[in-house]
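> got a predicted structure plus its sequence, pasted below:
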Amino acid sequence: MTTFFTLLLAHLLADFPLQTNLIFRLKVAGNMGLALHVAIHVLMTGLLLQDPAQHLDLLLILGVAHFLTDWIKVRFPGEPQWPGFILDQLAHLSAIVLLAIWWPDVTTVLPLWLLLPLILFVFLPAALMLLWVWANDAQQQNRYQQSRPVNWASQRLLSISQRTGWIAVVVVVVCRLILLW
């Protein structure tokens, strides 16, 4: 079960706070940007693994699965965007579940008592990102164009989501540095 939680935390960190506006624009612009985004996923996962060199096969398959999922999403964007956002996250979650089944004995650098609260905490940026996507979709509809809450959400939730998640990124990096010491 720790494999699942480790992969989930790495995914949430890499797909939300670590996917900055610049990374997103590069990802949409071409395969090199997408490869950078995937490399961030693989590095974050490796950072969370006790011995990443022992799990190069897992990291490679994770990277390929993430690349293919995001490649499809970038090539076939939909309107409104929120259903595509949810389908993309479900595809990533499915890959994480399958990888956790295939590699059940992966050890993480974080104890479970820290891993689980971090996952819950990083769900906040993910939820804020979903609300931001929905607000942008809602602004396309005439009845929400003058809505102050929708306009506020469209303008502010992205940056709040990204800044909130960085707290968890710092905790993970500090824990990894302590263990390397």
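Nice, I can see it. Numbering: from 1, shown residues only.
> return the distance of stretch 116-130 from the chain's centre.
Relative to the chain's own centre, stretch 116-130 is displaced by 10 Å; criterion: Cα atoms, centre = their mean, to the nearest Å.
> same thing with stretch 63-83?
From the chain centre to the centre of stretch 63-83 is a distance of 13 Å (Cα atoms, centre = their mean).
> buried residues, that stretch. List them.
63, 65-67, 69-70, 73-74, 81-82 (16 or more other Cβ atoms under 10 Å). Where C-beta positions appear, they are placed from N, C-alpha and C, glycine not excepted.
> tell me the mean pLDDT over the helix or strand containing A91?
Here A91, judged by DSSP states H and E, is contained in helix 82-102. What helix 82-102 shows for mean pLDDT is 95.
> helices or strands next to that helix in the packing?
helix 2-15, helix 56-75, helix 112-139 (3 or more Cβ pairs under 8 Å, 6 or more residues apart in numbering; DSSP states H and E).
> return the most buried member of these.
Ranked by mean neighbour count, these are led by helix 2-15 with a mean of 23 (mean count of other Cβ atoms under 10 Å).
> which helices and strands sit right next to the longest helix seen in the chain?
As assigned by DSSP state H, the longest helix anywhere in the chain is helix 148-180. When contacts are defined as 3+ Cβ pairs under 8 Å, 6+ apart, helix 148-180 packs onto helix 2-15, helix 31-48, helix 112-139.
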